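# Provide a 3D model corresponding to the input given below.
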Amino acid sequence: MIRIQNLTKDYGLVRAVDHVNFEINEGEILGFLGPNGAGKTTTLRMITCFLSPTSGSIEIENMNIKNKQLEIKRLIGYLPEHNPLYVDMTVYDYLKFIADIRKIPNFGHRIKEVIKQCGLNGVVHKSINTLSKGYKQRVGFAQAILHDPKILILDEPTSGLDPNQIVEIRELIKELGKKKTLIISSHILQEVQAVCDRIVIINEGKIVADGSTEELQSAFNNKTKLKLELIANKDEITAIVDNIKEIALLSISPLKEKTFSVEIEFDSTNDKRAEIFNFIKSKEWTLLEMYRENVSLEAVFRNLTIEGGKR
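Numbering: from 1, shown residues only. Predicted coordinates:
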């Protein structure tokens, strides 16, 4: 649905976006991550036709933003980081104002649908400036989806919200994601991990990672860390390294009498779990637990954006 090719944006001598390439499929929820100044918001503003690229192209449903901006804008709902609300209006009057701009037919019925969908029933006739940050964000969502766009772009949708409000907005995003293509830019990695099908990470204007959370985690250092809980003789546990090739024994920690926590690491391209299980079985040890410890998304993000992407 969205194809971005060799996208570049210069501000004078500063290159904010540097030959960016990626695609977004219909119905996908994409997390767009990066540190401050990485080029996230600039890229989103070009997708939404608020900015023109210096070079490269953006195609949305086979329409290019260079000559089909009005048609593309009709397909997109956009909630920018700084929610643009007319706070002296009531919620209903504001949504009616947006409906007039969008030339939405039968807007009264559509406004009622959006009010229900965004959980605004209790504040419809209240002035926006009297609302909490969470409700203001809901009003922002309502204006973004009022024209029933196929694509929804959210820039820091949970910024400044308390934990309860974050949960509410997360559920709203999941519900919207059932029917729309979503692009979510956020600094809250847990939120992206909770709702997104795929993650693209941008740093210094360039794409440095693209894949699902699991793919990014498994690619990190190309290592798998395995945690075991065993009932065994501690002196014999080290034999596991002698009998199974290409694994590293990281630690052995006592939990209680003859029960130990064991950490093992091996190359992610060569899964050793079956060999490890069979060795434990042959030694007649008792295996209480075995699980793979994934690298956190925060660690992947830091590696790619702060530590220079060294793996």
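
# Keeping just the C-alphas, turn the lowest-mean-pLDDT helix or strand in the chain into PDB.
Lowest by mean pLDDT, DSSP states H and E among the helices and strands of the chain is helix 213-219, with a mean of 77. Extracted C-alpha coordinates of helix 213-219, given in PDB (Å, rounded to 0.1, in the frame of the first residue of the first chain):
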ATOM      1  CA  THR A 213      10.300  -7.800  17.300                       C
ATOM      2  CA  GLU A 214      11.300 -11.400  17.400                       C
ATOM      3  CA  GLU A 215      13.400 -11.000  14.300                       C
ATOM      4  CA  LEU A 216      15.200  -8.000  15.600                       C
ATOM      5  CA  GLN A 217      15.900  -9.700  19.000                       C
ATOM      6  CA  SER A 218      17.100 -12.900  17.400                       C
ATOM      7  CA  ALA A 219      19.500 -11.000  15.100                       C
END
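
# next SSE after that helix?
Later in the chain than helix 213-219, the nearest helix or strand by DSSP states H and E is strand 223-231.

# Let me see the mean pLDDT of that following strand.
For strand 223-231, mean pLDDT is 89.

# what packs against it?
Counting contacts by 3 or more C-beta pairs under 8 Å, 6 or more residues apart in numbering; DSSP states H and E, strand 223-231 packs against strand 259-267, helix 273-282, strand 286-293. Heads up, the C-betas are built off the backbone N, CA and C, glycines and all.

# Point out the most buried one among those.
Ranked by mean neighbour count, the helices and strands packed on strand 223-231 are led by strand 259-267 with a mean of 17 (mean count of other C-beta atoms under 10 Å).

# Give me the angle between it and strand 223-231.
Here strand 259-267 points in a direction 160 degrees away from that of strand 223-231 (axes from the mean of the first three to the mean of the last three C-alpha atoms, to 10 degrees).

# Strand 259-267 pairs with which strands?
strand 223-231 (antiparallel), strand 247-256 (antiparallel) (DSSP bridges).

# Tell me how many other residues crowd Ile244.
For Ile244, the neighbour count with other C-beta atoms under 10 Å is 16.

# correct me, but it touches Ile276?
Yes: if you go by C-beta atoms under 8 Å, Ile244 and Ile276 touch, sitting 6.4 Å apart.

# can I get the CA coordinates of whichever strand or helix holds Lys116 in PDB?
Assigned by DSSP H and E, Lys116 belongs to helix 107-117. Written as PDB, here are the backbone C-alpha positions of helix 107-117 (Å, rounded to 0.1, in the frame of the first residue of the first chain):
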ATOM      1  CA  PHE A 107     -21.700  14.000   9.400                       C
ATOM      2  CA  GLY A 108     -24.000  13.800  12.400                       C
ATOM      3  CA  HIS A 109     -24.200  10.000  12.100                       C
ATOM      4  CA  ARG A 110     -20.400   9.700  11.600                       C
ATOM      5  CA  ILE A 111     -19.600  11.900  14.500                       C
ATOM      6  CA  LYS A 112     -21.800   9.700  16.800                       C
ATOM      7  CA  GLU A 113     -19.900   6.600  15.600                       C
ATOM      8  CA  VAL A 114     -16.500   8.200  16.200                       C
ATOM      9  CA  ILE A 115     -17.600   9.500  19.700                       C
ATOM     10  CA  LYS A 116     -18.600   6.000  20.700                       C
ATOM     11  CA  GLN A 117     -15.500   4.400  19.200                       C
END
